[in-house]
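In: Okay, sequence plus prediction incoming.
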Amino acid sequence: MIFIRYENWRSYLRYYPVTVLILAANIVMFIIVATHGGSQSNVALLKYGALTNVEPFVNDWWRTISSMFLHGGFDHLFSNSFAILVFAPPLERLLGHWRYGLLYLGSGIVGNLISLQMYLQSSDWHISVGASGAVYGVYGAFLYIALLQRSLMDENSRKTLYSLLIVGVVFSFVAPQVNWVAHFGGLVGGFLIYAFMNLFIKRR
C-alpha cells in the first residue's frame, strides 16, 4: 500500500524534499496572509496572488502559480496539506525530485488556466486560491499508473485511488465555493504530463 506513510520525520525530509518545500510554502503563505488582512479576506488574497477575472489583476500571469500556494481559511489549508503530505510522496520517489516538482506545478497551472478561461466567460466576479489543482494533478499521474502501469501499483492502492477520485468528484460538485474546473483541469493535466514524462524522460 503506497499511500500509507511509514517514514519517521527525518526520513520523510530526506526522501521527499520537494513535498516538504511545497508544504512549507503553503504554511508560510497562509501565515503571511492571515496576519496581513486575513486568509478569508478577498482583498488580502488578491494582494498576495489569488487568481481572478477582475481587472487589472486578470492580466497578472504569475497568479496562475502564486494562487496554488494560497488558501482561504485553515480548513482549506489543512485538507490540501494532508493530501500532499500523505498521497504525493510516492510520486516524488517514482519520478525524482525535479520531475515531480514540474508535474506538480504544471498540473496546477493547467487547472488555473482552464479556470481563468471559464471565469472570463462569466459576468460574475470570481476569485480562486488553493493547491487543489496541483493535488489533482498528482492523482492524475497515479490514475495513469493505475490504468496503464499496473505493475507499479498494488491492488489496495488502486482501490484507494479510485475511492479518492470518486469522493473528490462528488465533493467538487456538491460542496459550495469549490473550483471543480481547477480539479478537473489539474487531473487531466497531471495525467497528460505524466504520460509525456513516461514517454520521453527516463523514469527512476
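Out: Perfect, thanks for sending it.
In: Please count neighbours and contacts with C-alpha atoms only from this point.
Out: Noted.
In: And the helices in this structure, which stretches?
Out: 9-15, 17-34, 42-47, 63-66, 74-87, 89-95, 97-120, 132-148, 155-174, 180-200 (DSSP state H).
In: For the second one, buried residues please.
Out: Within helix 17-34, the residues that qualify as buried are 18-20, 22-23, 26-27, 29-30, 33-34, counting by 16 or more other CA atoms under 10 Å.
In: Could I get the contacting residues of residue 181?
Out: Residue 181 is in contact with 111, 114-115, counting by CA atoms under 8 Å, 6 or more residues apart in numbering.
In: now do 6 Å
Out: Residues in contact with residue 181 (CA atoms under 6 Å, 6 or more residues apart in numbering) are residue 115.
In: ok, it to residue 129 distance?
Out: 12 Å (CA to CA, to the nearest Å).
In: farthest residue from the center of this structure?
Out: Relative to the centre of the chain, the most outlying C-alpha is that of residue 123, 26.8 Å out, by CA atoms, centre = their mean.
In: Kindly list the main-chain dihedrals of it?
Out: When read as degrees, to the nearest 10, the backbone of residue 123 gives phi -90, psi -10.
In: Quick one: low-confidence residue ranges for the chain.
Out: Applying pLDDT under 70 to the chain flags residues 202-204.
In: 80 instead?
Out: The chain contains residues with pLDDT under 80 at 176, 201-204.
In: for it, which residue is closest to the average position?
Out: Central residue of the chain (CA atoms, centre = their mean): residue 134, at 2.1 Å.
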